[in-house]
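Visitor: kindly return the folded structure for what I paste below:
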Amino acid sequence: MAPKVSLDETDLAILRLLQDDCRTPISTIASRLGIPKSTVHYRVRRLEEAGVIEGCYAKLNAEALHKDYLTITLVRAKYGSGYHERVGRKLAEIPGVWAVYFVLGDIDFVVLAKHKNLDSVRKMINSFLNIEEIERTSTSVIVQAIKEDPRIPLADS
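Guide: Okay, the predicted model is just below:
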């Protein structure tokens, strides 16, 4: 877990621009914010070192890549010492899984996965059955994504 970092308005403005397009050149960011390129470079590097910026990625279209089936699986596991780390790792290794969340409440994990066909969905469900710590799962197939935005809302945005 990254330590909390104090961010000022300049940091937030840089983060907003990078979230909109991580390929934005430092010179463009500096020009838009009216600050020196060296300041932008220093702050981006500081934000990376502090773990605020974890990487830059291309946003891919799942449908264009024939990953038309998005599933959400709710997982209940057998409680025990360190079970969340052990089961979480096993869930994360299943092909197609792109997110695993350990949650509080009646359910232990929420698993998000993208698949190219129903056979891939069945294989994932069978993988759940092969994890002995899992007591029960419930999988839903998403019919339509109404909103899907990986960006994190920043203060004053």
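
Visitor: show me where this protein has its strands.
Guide: Counting by DSSP state E, residue ranges of the strands within the chain are 69-77, 97-102, 109-115, 134-142.

Visitor: any chance of those strands in JSON lines, plus distance to residue 89?
Guide: (C-beta placed from N, C-alpha, C; glycine too.) As requested, the strands of the chain are arranged in JSON lines below (distance: least, Cβ to Cβ, whole Å):
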{"stretch": "strand 69-77", "distance to residue 89": "12"}
{"stretch": "strand 97-102", "distance to residue 89": "9"}
{"stretch": "strand 109-115", "distance to residue 89": "11"}
{"stretch": "strand 134-142", "distance to residue 89": "13"}
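
Visitor: residue 18 is nearest to which of the ones you listed?
Guide: Evaluated with Cβ to Cβ, those place strand 97-102 nearest to residue 18, the distance being 21.4 Å.

Visitor: sheet-wise, list the partners of the closest one with their directions.
Guide: Partner strands and pairing direction for strand 97-102 (DSSP bridges) are strand 109-115 (antiparallel).

Visitor: orientation of the partner strand relative to strand 134-142 in degrees?
Guide: Orientation of strand 109-115 against strand 134-142 (axes from the mean of the first three to the mean of the last three Cα atoms, to 10 degrees) gives an angle of 50 degrees.

Visitor: picking that back up, out of the strands of the chain, nearest to residue 85?
Guide: Relative to residue 85, the nearest member of the strands of the chain by Cβ to Cβ is strand 97-102, separated by 8.4 Å.

Visitor: re earlier: out of the strands of the chain, which is closest to residue 23?
Guide: Distances from residue 23 to each of these were compared using Cβ to Cβ; the shortest belongs to strand 97-102, at 22.1 Å.

Visitor: before we move on, the earlier item: generate JSON lines for the strands of the chain, with mean pLDDT as supplementary columns.
Guide: What follows is the strands of the chain, written out as JSON lines (pLDDT from 0 to 100):
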{"stretch": "strand 69-77", "mean pLDDT": "96"}
{"stretch": "strand 97-102", "mean pLDDT": "97"}
{"stretch": "strand 109-115", "mean pLDDT": "96"}
{"stretch": "strand 134-142", "mean pLDDT": "96"}
